[in-house]
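Student: got a predicted structure plus its sequence, pasted below:
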Amino acid sequence: MKTLELGRAGIKVSDWCLGTMTYGTHTLDEDSHRQIDMSLEAGINFLDVAEMYPVNPVAKETMGMSEQAIGRWLAKSGRRSEVVIATKICGAGEFRPKGYSAAAVQEAVDRSLSYLQTDYIDLYQLHWPNRGSYHFRQNWGFDPSKQDRARVMANMEDTLRGLEEAVQAGKIRAVGLSNESAWGTMSWLNLAKEFNLPRMASIQNEYSLLCRLYDTDMAELAVHEDITLLSYSPLGAGLLTGKYQNGAVPAGSRMDINGNLGGRKTDNAFAAVAAYLDIANRHGLDLVHMAMAWQRRRPFPISAIFGATNVAQLERILAGDSVELSDEVMVEIDAAHKLHAMPY
């Protein structure tokens, strides 16, 4: 497994990260704890979680369940020093109407520490911007003109001061963003520099063969400002496994539980997957392995966050760790992307 540095934070992470979104709900402890052990054996030292996920499904009763599942593994295994743990505070919404603030950060950090059964969090991330976001398929009608810039900047500064307090208390080591834009990321960086507050080390945005909004402005920012992309849904929420092609909906799958995969289920998406499947098949590749190996060929730093509902899925993913894509495959992928640029 390859490793890279998390921004300028001085933290080394594997370039694959185990996502734990289904832990505590769909993936119970016996399976989830085995997955963590398997990932460590494969050289993955990076775990990503959050206080709330939309696929659990969203409910007050499921908040924190994924963190608690990891906490039970930590308590049982005693292997805290072997893993880098990233978690997130959710932004403005049903469970935190006012979104981030210094006070909200303090409350959420302490709760996550309790759930995780640890004294510190390696990377603490802001799950989505208080002002709104073009992510989650909202790019089609995104309207930033309604944002109050002064209020946004004041809230960012207040939130950074809350993060600074947690850093100084030894509760978190580094900070990061999620579902952010180029303007938002630079605003966080500029405020950190101006007031000597924690500097964002990473950004967790969706990125896959099917979702490439990151490729332009964000990629340029990442290279010049040392921001590490933690790409979520590198397998397109399961679309890039090929299991949903030709109308198939496996029982217990994410599509079976959550319907349209958060807006990713479109005719264009299935056509794009078919094109990538054709490339993989012609070159004797598993599409899952091709999709993950492609992340390693991008011209900016990435740790790709993948999830597995069960051990069998994880075994399939890990089997592709040594796969390297030829220049010929990359050329064909680029051609397919031009034909299927924004399938959802």
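Tutor: Cool, the structure landed. Residues are numbered from 1 along each chain as shown.
Student: per-residue pLDDT, V55?
Tutor: Among the per-residue scores, V55 holds a pLDDT of 69.
Student: do the one 5 residues further on as well
Tutor: On the pLDDT scale, K60 is placed at 76.
Student: what is the burial count for the spatially closest residue to it that is not a sequence neighbour?
Tutor: For K60, the nearest residue in space outside its immediate sequence neighbours is F95; the separation is 6.7 Å by C-beta to C-beta, 6 or more residues apart in numbering. Heads up, the C-betas are built off the backbone N, CA and C, glycines and all. Burial measure for F95: 13 neighbouring residues, criterion other C-beta atoms under 10 Å.
Student: I figured F95 hits M52, correct?
Tutor: Yes - in terms of C-beta atoms under 8 Å, F95 counts as a neighbour of M52; the distance is 6.3 Å.
Student: hey, what's in contact with both of these two?
Tutor: Common contacts of F95 and M52 (C-beta atoms under 8 Å, 6 or more residues apart in numbering): M63.
Student: residues contacting G262?
Tutor: With contact set as C-beta under 8 Å, 6+ apart, G262 has these partners: P54, F136, R137, A237.
Student: and if you look at C90?
Tutor: The contact partners of C90, by C-beta under 8 Å, 6+ apart, come to A50, E51, M52, R96, H127, W128.
Student: hmm, 7 Å instead?
Tutor: Shown in contact with C90 (C-beta atoms under 7 Å, 6 or more residues apart in numbering): A50, E51, M52, R96, H127.
Student: for it, what are phi and psi?
Tutor: phi -80, psi 150 (degrees, to the nearest 10).
Student: separation between it and A280?
Tutor: Distance, C90 to A280, using C-beta to C-beta, to the nearest Å: 35 Å.
Student: ok, L126 next?
Tutor: Going from L126 to A280 by C-beta to C-beta gives 35 Å.
Student: cool, E5 as well?
Tutor: Distance check for E5 against A280: by C-beta to C-beta, it reads 31 Å.
Student: pick out whichever of those two has more residues nearby.
Tutor: Between E5 and A280, counted using other C-beta under 10 Å, the more crowded position is A280 (21 against 14).
Student: where's that one, which helix or strand?
Tutor: Secondary structure here is read from DSSP states H and E; on that basis A280 sits in helix 267-282.
Student: need the residues that contact whichever helix or strand comes after that helix.
Tutor: Downstream of helix 267-282, the first helix or strand assigned by DSSP H and E is helix 287-296. Residues external to helix 287-296 that are found in contact with it (C-beta under 7 Å, 6+ apart): 15, 208-209, 231, 234-235, 240-242, 276-277, 280, 302, 304, 306, 316-317, 320, 323-325, 333.
Student: how about helix 287-296: buried residues?
Tutor: By neighbour count, with 16 or more other C-beta atoms under 10 Å as the criterion, the buried positions of helix 287-296 are L287, V288, H289, M290, A291, M292, A293, W294, Q295.
Student: nearest to A341, of those?
Tutor: Using C-beta to C-beta, W294 comes nearest to A341 of those, at 15.4 Å.
Student: from P129, how far off is the closest one?
Tutor: Relative to P129, W294 is positioned 28 Å away (criterion: C-beta to C-beta).
Student: how about the helices in the stretch 51-200 of the chain?
Tutor: Taking DSSP state H, counting those that start in this stretch to define them, one finds helices in the stretch 51-200 of the chain at 65-77, 102-116, 149-168, 182-195.
Student: packing partners of the first one?
Tutor: Contacts of helix 65-77 with other secondary structure elements, assessed using 3 or more C-beta pairs under 7 Å, 6 or more residues apart in numbering; DSSP states H and E, are made with helix 29-41, helix 102-116.
Student: quick one: the last one to helix 65-77, angle?
Tutor: Okay, so that is helix 102-116. Orientation of helix 102-116 against helix 65-77 (axes from the mean of the first three to the mean of the last three C-alpha atoms, to 10 degrees) gives an angle of 50 degrees.
Student: check the offset of helix 102-116 from the chain's centre.
Tutor: Centroid separation for helix 102-116 versus its chain: 20 Å, with C-alpha atoms, centre = their mean, to the nearest Å.
Student: that helix to helix 149-168, inter-axis angle?
Tutor: With the same axes, to 10 degrees as the basis, helix 102-116 and helix 149-168 are set at 40 degrees to each other.
Student: repeat that for the first one.
Tutor: Here helix 29-41 runs at an angle of 80 degrees relative to helix 149-168 (the same axes, to 10 degrees).
Student: got the confidence number for the residue lying closest to K76 once chain neighbours are set aside?
Tutor: When the adjacent residues along the chain are set aside, K76 lies closest to H33, with 7.1 Å between them (C-beta to C-beta, 6+ apart). At H33 the predicted local confidence, pLDDT, stands at 98.
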